[in-house]
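Novice: sequence-free structure coming up:
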């Protein structure tokens, strides 16, 4: 999907790609174009003339690769979610990028999709925002999109945050252990509340509540 987007953009050109399996890289190159294929992404960063790098690997590579891009002075790096395996890794990624010329972004694309736009809220068509509720399979892989959906509240600071997880049925996503159930709750300074349920606690789908809906 990243490659298709770059190939569609009129001001972008797919210069190079890297994969641990060079045959996979070359097969991808045949399908999506690209001037060169590499087996070692560090060789690609050193040899190819790149402005933007997309990182589409499993999460345990994200921190290492984002930091390598920043150290190679890429203008921008766009990384898939989840951001990293730990908060410490995520902070390190931010610190290194801020100390370089590299602008880092992560794949929170839903805020640009039509179903997630705030037009109705901003126009007060459906009343004032009161509460946001969401549900997903786990905190590690999915919650990043729903936490990003807090932009519906225009980045209002939180007054308090609470969270709890259970691990009675521990399983893994991308090789990372995740919870069997969880709850995250926020209250913001403007009185809006948010709740995210995960795992066995989850129920479908995303709910956005306004005064008009309540009436």
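Specialist: On my side now, so go ahead. What you see is a predicted model, and the numbers here were worked out from it, not measured in a lab.
Novice: for stretch 86-106, what is the average pLDDT?
Specialist: Regarding stretch 86-106, the rounded mean pLDDT is 94.
Novice: Tell me the buried residues in that stretch?
Specialist: Applying a neighbour-count criterion of 16 or more other C-beta atoms under 10 Å, one finds 89, 90, 93, 96, 97, 100, 102, 104, 106 buried in stretch 86-106. All C-beta spots, glycine's among them, are computed from the backbone N, C-alpha and C.
Novice: so which of these would you say is closest to residue 35?
Specialist: Closest approach between the buried residues of stretch 86-106 and residue 35, by C-beta to C-beta: residue 102, at 21.7 Å.
Novice: In this model residue 144 seems to touch residue 82, though I could be wrong.
Specialist: Yes - the pair residue 82 / residue 144 is scored as a contact, 5.6 Å apart, by C-beta atoms under 8 Å.
Novice: Neighbour count for the two, which is higher?
Specialist: Using other C-beta atoms under 10 Å, the more surrounded residue of residue 82 and residue 144 is residue 82, with 21 against 17.
Novice: how close does the more buried one get to residue 93?
Specialist: 12 Å (C-beta to C-beta, to the nearest Å).
Novice: tell me, what's touching those two both at once?
Specialist: residue 62 (C-beta atoms under 8 Å, 6 or more residues apart in numbering).
Novice: Over to residue 158: give its phi and psi.
Specialist: Backbone torsions for residue 158, taken as degrees, to the nearest 10, come to phi -90, psi 140.
Novice: How about the contacts made by it?
Specialist: By C-beta under 8 Å, 6+ apart, residue 158 lies in contact with 186, 187, 188, 189.
Novice: I'd like to know which of those residues are buried.
Specialist: By neighbour count, with 16+ other C-beta under 10 Å, the contacts of residue 158 hold 186, 188 as buried.
Novice: quick one: which of the contacts of residue 158 is nearest residue 38?
Specialist: Of these, the one sitting nearest to residue 38 (C-beta to C-beta) turns out to be residue 186, at 42.8 Å.
Novice: Kindly confirm my reading that that closest one is in a strand.
Specialist: Yes - according to DSSP: H, G, I helix; E, B strand; the rest coil, residue 186 belongs to a strand.
Novice: How much space separates it from residue 152?
Specialist: 12 Å.
Novice: what do you get for residue 194?
Specialist: 9 Å.
Novice: swap in residue 182?
Specialist: From residue 182 over to residue 152 (counting by C-beta to C-beta), the distance is 21 Å.
Novice: More neighbours: which of those two?
Specialist: residue 182 (22 against 19).
Novice: Report the residue ranges of every domain in the protein.
Specialist: What automatic domain parsing lists as the domains of the chain is 2-109, 115-214.
Novice: In terms of mean pLDDT, which of those domains ranks lowest?
Specialist: domain 115-214 (a mean of 79).
Novice: Now do the strands in the chain.
Specialist: Ranges of strands in the chain, per DSSP state E, are 16-18, 36-38, 52-55, 76-79, 103-106, 129-136, 158-166, 171-173, 176-178, 181-188, 193-199, 207-210.
Novice: And the contacts of stretch 77-97?
Specialist: The contact list for stretch 77-97, computed with C-beta under 8 Å, 6+ apart, reads 2, 52-57, 59-60, 62-63, 65-67, 69-71, 102-108, 140-141, 144-145, 176.
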